[in-house]
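Engineer: Sequence isn't available, so here's the structure alone:
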């Protein structure tokens with residue numbers, strides 16, 4: 001599953017498995033987990049740590065876009081960190097690397113989001 005923590009006002013959501021073959025039920029669970037994690041935050045600051053994720057597919061990206069839209073509606077921000085080369089290529093090909101900041105480390109991402117949110 002995933003791990004959720006709060007660091008300096010940033011919700012850090014560590015995705016700890018591959019998302020190359022999510023079925024509809026798992027996509028719905030993942031979406032609900034993300035939505036629930038950001039619900040209490042005003043504005044929501046979400047960091048997705050993909051350090052253990054080796055591949056992302058269209059279902060995963062669809063969840064991220066839907067959650068990002070909810071975050072944006074509430075004047076929040078979303079970023080990614082520890083994106084491997086394959087995931088980075090998927091994000092680049094889908095142009096999603098232009099809407100989310102991508103950081104090499106969790107600390108750098110938390111600092112940037114916390115500064116922007118505060």
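Structural biologist: It's in. What you see is a predicted model, and the numbers here were worked out from it, not measured in a lab.

Engineer: how about the strands in the protein?
Structural biologist: Using DSSP state E, the strands assigned to the chain run over residues 2-7, 10-15, 45-49, 77-81, 101-103.

Engineer: Dump the ones you listed to JSON lines, plus mean pLDDT and distance to residue 91.
Structural biologist: Glycine gets a C-beta too; all of them are placed from N, C-alpha and C. Converted to JSON lines, the strands of the chain look like this (pLDDT from 0 to 100; distance: least, C-beta to C-beta, whole Å):
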{"stretch": "strand 2-7", "mean pLDDT": "85", "distance to residue 91": "19"}
{"stretch": "strand 10-15", "mean pLDDT": "91", "distance to residue 91": "14"}
{"stretch": "strand 45-49", "mean pLDDT": "95", "distance to residue 91": "11"}
{"stretch": "strand 77-81", "mean pLDDT": "96", "distance to residue 91": "8"}
{"stretch": "strand 101-103", "mean pLDDT": "96", "distance to residue 91": "7"}
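
Engineer: Could you dump the ones you listed into CSV and include mean neighbour count?
Structural biologist: Below are the strands of the chain laid out as CSV (neighbours: other C-beta atoms under 10 Å):
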stretch, mean neighbour count
strand 2-7, 14
strand 10-15, 22
strand 45-49, 25
strand 77-81, 22
strand 101-103, 18
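
Engineer: Could you pull up the contacting residues of residue 49?
Structural biologist: Taking C-beta atoms under 8 Å, 6 or more residues apart in numbering, we find residue 49 in contact with 12, 13, 14, 15, 80, 81, 82, 106.

Engineer: between those residues, which is nearest residue 90?
Structural biologist: For the contacts of residue 49, the closest approach to residue 90 (C-beta to C-beta) belongs to residue 80, at 11.6 Å.

Engineer: just checking, that closest one touches residue 46?
Structural biologist: No - taking C-beta atoms under 8 Å as the definition, residue 80 is not a contact partner of residue 46, at 9.5 Å.

Engineer: So for stretch 62-82, what gets flagged as buried?
Structural biologist: Within stretch 62-82, the residues scored as buried using 16 or more other C-beta atoms under 10 Å are 63-64, 67-68, 70-71, 76-82.
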